[in-house]
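Asks: model this:
(one chain, ligands or ions: 4)
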Amino acid sequence: MAGSEKRFSIGYALAPKKQQSFIQLSLINLAKERGIDLIKIDADKRLIDQGPFDCVLHKLYGDDWKNQLKEFSVENPNALIMDSPEAIERLHNRISMLQVVSELKIGAEREATFGIPKQIVIYDAKTLLDPCSWEGLKFPVIAKPLVADGSAKSHKMSLVFNRDGVSKLKPPIVLQEFVNHGGVIFKVYVAGEYVQCVKRKSLPDVTEDKLESLEGSLTFSQVSNLTANEKSDDKYYKMMHLEDAEMPPQSLINEISKGLREAMNLHLFNFDVIRDSSVGNQYLIIDINYFPGYAKMPQYETILTNFFWDILHKKDSIIDDDLTNEGNKSDDSGKISTRRRSFDDGSRKCVTNIVSEDGDGS
Ligand SMILES: Nc1ncnc2c1ncn2[C@@H]1O[C@H](COP(=O)(O)OP(=O)(O)OP(=O)(O)O)[C@@H](O)[C@H]1O
Ligand SMILES: O=P(O)(O)O[C@H]1[C@H](O)[C@H](O)[C@H](OP(=O)(O)O)[C@@H](OP(=O)(O)O)[C@@H]1O
Ligand SMILES: [Mg+2]
Ligand SMILES: [Mg+2]
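Replies: Ligands and ions are numbered 1, 2, ... in the order given. Next up, the predicted model:
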C-alpha cells in the first residue's frame, strides 16, 4: 500500500480466549499491509477515551458495554460498530434466533428446500411434565438451553430418546426434533459479502429401532466445534467420515447467507446446516452464532482482511443502512414452527468459497 494512502484503525474488544484465537499475528500483519491497524481496546479504560477508531469490532456483552458503545457512537457518528448489540441480541434466544430463517423471503427453486426443525419452547417444569405440551414432537429430540449467551451452560445439551429422558430436563429449554443427517454438519461462515462453507463432524444418526432400548437421554456440548484436523478421542468422532459428504448447493448457501445478513442486520456470523437424510435435498438450519471461530476457517486472514477493507471503504452506506434498518421483530412464543421454503437459482452475485474442511474446493 502506498505510504500516502489513508490508514484505517479497527479497535477490537474481545474476551481473552477469543482474542487469543482470533487476533493472530498473521491477521494483524496482513491487515497492516492493506492499511488497516488492529488495535486492542483497553478494558480498564472507557471506550470513549480511546481511539480514534474507524470501526469497533467486538464480542462483549452486558449493559455497561452496550452503553459504552452507544456513548462512543454518539461521539463518533462515522465509526462502524461490528456488530450492533441490538442485532446480536436476537441470537441470544434460540427461538428468535431461528425465527428469522422461517421469515426469509427467497425465490422458488425445484431442487431443494430449506427450513428449521420442528421445535417448541418450554418455560417451566409444570409444562415440561405435561405430555400434551410436547405431543407434537417426534423423538428423539434435542433439549437446548433457551438462552444462547456464550456461557458453557448455554452449550450444554441433551439428546432425549424417549419420554423417560424428559423429566430430567431443566427449563427454560427449546425441544428441537433431532433430524438424522448422516453425522456431518455444514458450518457456513459469513463475514459481510464473504461466505465459506466447511464440513464438521456431528452426532451420528439414531435409528428408530434403537429408540426404546436406549436410556432416556445423553448430554453433550459443542460436538461440532473441532475441525477435521483437531483430533478428539470422543467415540462419535472416530465414527464419522467427512470426506464422503457432498456439500450443499452453492446457490442455496448464497441465498441463505445473503438473506440472513440483510434480515438480521449482522455482518459477522455463522450458521449450522444439516441435510435431512430422510429427504435428501432438504436442508435445515439448526443454529446461528455471532462472531464464531473464524480462525478455524481455511485462509481466515485473507477473508477477514478483505471484509475489513470492504466495510471501511463502504462505511457511509453501511452506517446509513444501520440507521434505517428496522430488522425483523421476533418473539419466542411457544408455537411449533416448521416451514419448508425453496430458494432462488442463486444467480445473484455473492462471493462464496465452498471448501471442505481440509481447504480443497469441492
Ligand atoms: N435438530 C438437530 N438434529 C440433529 N442434530 C442436531 C440438531 N441440533 C443440534 N444438533 C447437533 O448438536 C450440535 C450442537 O447443536 P447447536 O449447534 O445448536 O449447539 P451450540 O451449542 O449452539 O453449538 P455451537 O458451538 O455451534 O454454537 C450440532 O452441531 C449438531 O451436531
Ligand atoms: O466451530 P464454530 O466456529 O462454530 O465455533 C464457535 C461457536 O459456533 C460459537 O460461535 C462460539 O461462541 P459462543 O456461542 O459465544 O460460545 C465460538 O466460541 P468463541 O470463543 O470462538 O467465541 C466458537 O468458536
Ligand atoms: Mg452450532
Ligand atoms: Mg451456537
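
Asks: do you know how far Met157 is from ligand 4?
Replies: Taking Cβ to the ion, to the nearest Å as the criterion, Met157 is separated from ligand 4 by 10 Å. Every C-beta, even on glycine, is put in place using the N, C-alpha and C of the backbone.

Asks: got it, and Leu284?
Replies: In this view, Leu284 and ligand 4 are 15 Å apart by Cβ to the ion.

Asks: which residues does that residue contact?
Replies: Taking Cβ atoms under 8 Å, 6 or more residues apart in numbering, we find Leu284 in contact with Phe114, Gly115, Ile116, Pro117, Val179, His181, Val273, Ile274, Arg275, Asp276.

Asks: In contact with the one residue in the stretch 251-362 of the chain that gets nearest to ligand 3, which residues?
Replies: Closest to ligand 3 within the stretch 251-362 of the chain is Asp287: 3.5 Å, counting by Cβ to the ion. Neighbouring residues of Asp287 by Cβ under 8 Å, 6+ apart: Met97, Phe271, Asp272.

Asks: Secondary structure of Leu203: a helix, I assume?
Replies: No - under the criterion used here (DSSP: H, G, I helix; E, B strand; the rest coil), Leu203 is coil, not part of a helix.

Asks: hmm, back to that, could I get the contacts of Leu284 in CSV, plus columns for distance to Lys201?
Replies: Supplementary listing: the contacts of Leu284 in CSV, determined by distance: Cβ to Cβ, whole Å:
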residue, distance to Lys201
Phe114, 22
Gly115, 23
Ile116, 22
Pro117, 19
Val179, 16
His181, 11
Val273, 14
Ile274, 12
Arg275, 14
Asp276, 18
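
Asks: What pLDDT does the model give the residue of the stretch 251-362 of the chain closest to ligand 3?
Replies: With respect to pLDDT, Asp287 scores 98.

Asks: Would you check how far apart Asn289 and Ser9 are?
Replies: Applying Cβ to Cβ, to the nearest Å, the value for Asn289 to Ser9 is 27 Å.

Asks: now Glu301
Replies: Taking Cβ to Cβ as the measure, Glu301 falls 18 Å from Ser9.

Asks: re the thing from before, three-state assignment of the residue of the stretch 251-362 of the chain closest to ligand 3?
Replies: Of the three states, Asp287 takes strand according to three-state DSSP.

Asks: Please renumber the chain so that the first residue is 281 from this point on.
Replies: Done: numbering now begins at 281, and the last item shifts to Asp567.

Asks: Relative to Ala293, how far out is it?
Replies: Following Cβ to Cβ, the distance that separates Asp567 from Ala293 is 24 Å.

Asks: Equivalent analysis for Lys448, please.
Replies: In terms of Cβ to Cβ, Lys448 sits 38 Å off from Ala293.

Asks: So the two - more neighbours on which side?
Replies: The neighbour count for Lys448 versus Ala293, taken as other Cβ atoms under 10 Å, is higher for Ala293 (20 against 13).

Asks: Sweet, I'm off.
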